[in-house]
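>>> Whatever this is, show me its structure:
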Amino acid sequence: MEDMHELTAEQQAQLLRHELEAVYGSSSYKIGRAITWLPRHAARGLKYLLHNGPVTSVRYIILYAKYHKIANKDYAYWACLKEKDYPEALKKWFLETNYTHTPLDLDHPRTFSEKTQWLKLHDHLEDKYMLVDKYLVRDWVKEKIGEEYLIPLLGVYDHFDEIDFDKLPDKFMLKTNHGAGWNIPVLDKSKFDKAEAREKVERWLKLNYCYLMGGLDRQYEKIRPRIIIEQYIENNGGDLYDYKFFCFDGEPKIILYVTDRYTDGQERMIFYDTDWNLQPFNYDMPLEQPQDIPRPKNLEKMVEIARTLSAGFTMVRVDLYSLPDGTIKFGELTLTTESGISRWHPESANLYVGSMMHLPGVDDQPADAR
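Predicted coordinates for the structure are as follows:
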């Protein structure tokens with residue numbers, strides 16, 4: 001065998017993978033795993049039983065058997081997690097999931113990421129599910145700012161087979177109401193693969209987004225899953241300009257502008273303040289210096305709408321669309337943006353945006369008590 005030091009890192013990794021595959025594929029390894037399966041799982045199961053009791057343990061077994069193949073191995077864990085275990089579970093999840101792998105300080109949270117986790121435990125998100133339910137929130141928005149700001153609804157359904165596609169226009173947006181990113185834009189109904197969409201949507205309807213993603217975004221936990229179909233809206237060239245207003249204590253502070261999401265180009269995300277001054281930070285995407293993003297003509301009106309919709313919230317993101325005819329449409333409310341684990345560029349922006357969020361009872365403490 002070649003000297004490992006003479007191989008590149010990629011070659012070393014490939015060689016080690018082949019060796020591991022040979023070991024894991026051997027009969028002796030499989031026999032050994034089979035022999036130790038019962039004691040390994042029995043010990044783990046006994047520990048879980050003693051901590052959670054028989055009712056929760058049985059529920060865990062049922063949910064794991066039902067969902068581990070269509071969701072993930074942690075789905076049952078989050079579904080059965082007891083409230084007394086939330087802080088430690090959140091700390092473990094945060095350490096494993098946030099890109100810096102730093103411990104979570106819930107007593108003295110400072111960054112946007114940490115403060116978002118604090119809100120999960122103290123802001124009663126589970127009682128605000130109607131605000132992130134993409135169907136129920138429509139009534140709330142209608143009452144707050146008027147029906148004219150809602151994207152026209154073409155239908156709401158419990159199952160995919162209830163949809164009469166013959167009655168739908170050539171373009172429409174199909175989505176479920178109980179998660180994030182569960183959308184299917186249909187640009188040409190004649191080319192729409194209904195079988196593929198049906199499989200995808202029916203799977204989404206079976207899942208609880210809160211348990212699937214982990215991290216205790218409990219605002220999604222109580223939502224009754226539905227399919228909604230909306231009128232397709234777009235800007236010039238098939239794009240859709242998305243303005244995400246980060247609001248703190250009812251005041252919009254910064255705007256995340258998203259473009260090229262539905263085009264052949266690379267999706268772009270750029271931060272501005274409410275006067276449309278470019279901000280020196282970004283998240284999830286490298287920082288860029290755009291020269292071609294004009295100030296929206298109806299920016300002041302969008303800021304006013306975001307202020308109205310965010311009143312009474314410690315933190316909420318209000319998503320709005322600005323269409324070519326000058327009209328504004330409501331997108332959604334987000335209470336825990338990206339579950340608080342976005343990768344900020346530069347990293348100091350996490351602390352800067354976190355300073356905009358005032359946590360009652362925490363940020364009121366004297367500096368020497370934090």
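>>> what's the distance between the residue nearest to Glu221 when sequence neighbours are not counted and Asn72?
Spatially, and ignoring its direct neighbours in sequence, Glu221 is nearest to Cys210 (4.2 Å; C-beta to C-beta, 6 or more residues apart in numbering). Heads up, the C-betas are built off the backbone N, CA and C, glycines and all. Distance from Cys210 to Asn72, counting by C-beta to C-beta, to the nearest Å: 13 Å.
>>> on that earlier part again, residues touching the residue nearest to Glu221, list them.
By C-beta atoms under 8 Å, 6 or more residues apart in numbering, the contact set of Cys210 is Trp78, Leu216, Asp217, Arg218, Gln219, Tyr220, Glu221.
>>> Then Leu153?
Arg138, Ile228, Ile229, Glu230, Gln231.
>>> cool, and Phe112?
Gly340, Ser342, Trp344, Asn350, Leu351, Val353, Gly354, Met356, Met357.
>>> Are any of these buried, and if so which?
Buried by 16 or more other C-beta atoms under 10 Å: Gly340, Ser342, Trp344, Asn350, Val353, Gly354, Met356, Met357, out of those.
>>> how about the strands of this structure, start to end?
153-157, 172-176, 183-186, 227-231, 242-248, 251-259, 268-273, 282-283, 315-322, 328-334, 344-345 (DSSP state E).
>>> Where does the prediction get shaky in the chain?
For the chain, the stretches flagged by pLDDT under 70 are 1-46, 48-49, 262-265, 364-370.
>>> Break it down into its structural domains.
As given by automatic domain parsing, the domain ranges for the chain are 43-80, 133-143+151-231.
>>> a markdown table for those, including distance to Thr336?
A markdown table is the format used below for the domains of the chain (distance: least, C-beta to C-beta, whole Å):
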| stretch | distance to Thr336 |
| --- | --- |
| domain 43-80 | 15 |
| domain 133-143+151-231 | 5 |
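>>> closest to Asp319 out of those domains?
Counting by C-beta to C-beta, Asp319 lies closest to domain 133-143+151-231 out of the domains of the chain; the figure is 10.9 Å.
>>> So which of the strands of the chain is nearest Trp118?
Once the strands of the chain are compared by C-beta to C-beta, strand 315-322 is nearest, at 10.2 Å.
>>> Sheet partners, orientation included, of that closest one?
Strand 315-322 has the following strand partners under DSSP bridges: strand 242-248 (antiparallel), strand 328-334 (antiparallel).
>>> Return the alpha-carbon coordinates of it using PDB.
This file holds the C-alpha atoms of strand 315-322, laid out as PDB (Å, rounded to 0.1, in the frame of the first residue of the first chain):
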ATOM      1  CA  MET A 315     -39.200  40.000  16.700                       C
ATOM      2  CA  VAL A 316     -40.900  39.000  13.500                       C
ATOM      3  CA  ARG A 317     -40.000  39.000   9.800                       C
ATOM      4  CA  VAL A 318     -42.700  40.400   7.500                       C
ATOM      5  CA  ASP A 319     -42.300  39.200   3.900                       C
ATOM      6  CA  LEU A 320     -43.800  41.400   1.200                       C
ATOM      7  CA  TYR A 321     -43.800  41.400  -2.600                       C
ATOM      8  CA  SER A 322     -43.800  44.600  -4.800                       C
END
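>>> Now tell me what touches that strand from outside.
With contacts defined as C-beta under 8 Å, 6+ apart, strand 315-322 is touched by 115-116, 119, 151, 233, 235, 240-248, 252, 256, 296, 298, 302, 305-306, 309-310, 328-335, 337, 357.
>>> Same check on stretch 245-261?
Stretch 245-261 has contacts (C-beta under 8 Å, 6+ apart) with 239-244, 266-274, 276, 279, 293, 302-303, 306-307, 309-320, 337, 353, 356-358.
>>> Stretch 142-162: which residues count as buried?
Ile145, Tyr149, Leu150, Ile151, Leu154, Tyr157, Phe160.
>>> so what's Trp78 up against?
Neighbours of Trp78 in contact, by C-beta under 8 Å, 6+ apart: Ala89, Cys210, Tyr211, Gly214, Leu216.
>>> wait, isn't the third one in contact with Ala71?
Looking back up the chat, that one is Tyr211. Yes - between Tyr211 and Ala71 there is a contact under C-beta atoms under 8 Å: 7.4 Å.
>>> hang on, the earlier thing: now the buried residues of stretch 142-162 in a markdown table, with distance to His51?
Shown next, in a markdown table, are these (distance: C-beta to C-beta, whole Å):
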| residue | distance to His51 |
| --- | --- |
| Ile145 | 47 |
| Tyr149 | 48 |
| Leu150 | 46 |
| Ile151 | 46 |
| Leu154 | 48 |
| Tyr157 | 41 |
| Phe160 | 39 |
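>>> Going by distance to Asp363, which of the residues you listed wins?
Looking across those and measuring by C-beta to C-beta, the closest to Asp363 is Ile145, at 29.4 Å.
>>> and the closest one, how far is that from Leu309?
From Ile145 across to Leu309, the span is 7 Å (C-beta to C-beta).
>>> For the chain, which segments count as helices?
Taking DSSP state H, the helices of the chain run over residues 9-24, 27-67, 75-80, 86-97, 112-122, 129-132, 137-145, 194-206, 209-213, 299-310, 348-354.
>>> And those: which comes nearest Leu168?
Of all the helices of the chain, helix 194-206 comes closest under C-beta to C-beta, at 11.4 Å.
>>> outside of that closest one, which residues touch it?
67, 70, 158-161, 165, 174, 176, 178-179, 182, 184, 225, 227.
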